[in-house]
Each structure stands twice: as C-alpha cells, then as structure tokens.
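Asker: Sequence plus predicted model, see below.
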Amino acid sequence: MILLTITNSLNKDFQILISHLDNELYDRYGELQNEYNKYNKIEFNENVVIAYNEGKPVGCGCFKEYDTEIVEIKRMFVDKDYRGRGISKVILSRLENIAFEKGYKKAILETGIKQLEAIGLYSKQGYKTIENYGQYAGMESSICMLKRL
C-alpha cells in the first residue's frame with residue numbers, strides 16, 4: 001500500500017530520494033548532466049510529496065511557482081524497484097491538486113530526451129509538448145511540457 005505525505009524539502013527522505021535521482025540522471029546523461037544540475041537545486045520548498053511503501057520512501061516530487069498562474073513540476077522520482085506500479089501518477093496527481101487548490105491554473109515541466117518513461121507518463125496525464133521555456137530554451141536534450149490544471 002502506498003501512502004503519500006505532504007512535506008517540505010528539508011525532509012530527510014526527500015533529500016535521500018533526490019540524491020538517488022541525481023545519480024540516475026548522471027548515469028543516463030554523463031557530463032551533460034552537469035549543465036542541468038544548476039537548475040535542479042531545491043531551495044526551501046513547502047510543496048513536496050513523498051510516497052511510502054510500508055514505511056519506506058519510494059518516490060517523490062515537488063513544484064515551485066513559475067509565475068502567479070503557473071507551477072513548475074520538479075524532482076519527480078520513483079525508486080527503480082517500485083516503478084510500473086502507478087506511483088509516479090499518484091504523486092503527480094497530488095502535486096497538481098495541491099497547485100490547483102492554491103489557485104494555479106497550469107503546470108509546466110522539463111524532462112530529458114532519454115527519459116522516455118517520464119515523457120510517456122506526462123503525455124498520458126495530459127501534458128503537451130511546448131517550446132522549451134526559460135533556462136531550457138535552446139537545449140536540444142530537453143523536452144518541456146504543459147498541462148492546464
């Protein structure tokens with residue numbers, strides 16, 4: 001059974017999961033990941049969701065305000081041993097609900113071209129590919145997406 005906890009970025013379980021995410025991204029992208037690391041730093045964030053299975057942290061995600069109507073989904077991750085169980089879908093849905101409850105109208109995100117499972121997840125959840133925004137403009141290894149909440 002998966003239980004979700006809403007917390008903040010100071011949570012130790014979140015920090016551990018993020019370190020696993022960073023390691024996996026480096027394994028996939030190698031030195032190119034160094035270019036993205038500066039965009040993946042999480043300052044204090046009160047919009048963190050962690051998924052637990054029998055008390056073990058197995059997945060996470062968060063969002064930050066992009067502007068007054070848009071949030072940016074960040075740091076989505078599910079442990080390899082727990083993938084394919086719908087955990088990322090539940091985390092994403094909870095993040096979207098929190099954002100909507102706070103008055104946001106849209107969610108955007110960036111993922112990498114080698115993360116086919118993430119692209120598939122976001123597409124199935126209603127995200128559409130958009131022109132790369134902000135710091136990702138012109139980055140050929142990035143795919144940016146948007147969803148109306």
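Answerer: Noted; the coordinates are in hand. Numbering: from 1, shown residues only.
Asker: Would you map the strands across the chain?
Answerer: 2-7, 48-53, 56-67, 70-78, 106-112, 128-130, 142-148 (DSSP state E).
Asker: I'd like to know which of these is closest to Gly86.
Answerer: Judged by Cβ to Cβ, the one of the strands of the chain that comes nearest to Gly86 is strand 2-7, at 8.3 Å. (C-beta placed from N, C-alpha, C; glycine too.)
Asker: okay if I get the strands of the chain as JSON lines plus distance to Ala118 and mean pLDDT?
Answerer: Compiled in JSON lines, the strands of the chain are given as follows (distance: least, Cβ to Cβ, whole Å; pLDDT from 0 to 100):
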{"stretch": "strand 2-7", "distance to Ala118": "19", "mean pLDDT": "97"}
{"stretch": "strand 48-53", "distance to Ala118": "16", "mean pLDDT": "98"}
{"stretch": "strand 56-67", "distance to Ala118": "11", "mean pLDDT": "97"}
{"stretch": "strand 70-78", "distance to Ala118": "7", "mean pLDDT": "96"}
{"stretch": "strand 106-112", "distance to Ala118": "5", "mean pLDDT": "96"}
{"stretch": "strand 128-130", "distance to Ala118": "13", "mean pLDDT": "98"}
{"stretch": "strand 142-148", "distance to Ala118": "9", "mean pLDDT": "97"}
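Asker: which helix is the longest one in this structure?
Answerer: helix 12-29 (DSSP state H).
Asker: looking at the protein, which residue ends up farthest from its center?
Answerer: Glu54 (22.3 Å; Cα atoms, centre = their mean).
Asker: how near is Met1 to Val48?
Answerer: Note on Met1: its distance to Val48, by Cβ to Cβ, to the nearest Å, is 20 Å.
Asker: ok, those two, which is more surrounded?
Answerer: Val48 (26 against 5; other Cβ atoms under 10 Å).
Asker: My guess is that one contacts Cys62. True?
Answerer: Yes: at 4.4 Å, Val48 counts as touching Cys62 under the criterion of Cβ atoms under 8 Å.
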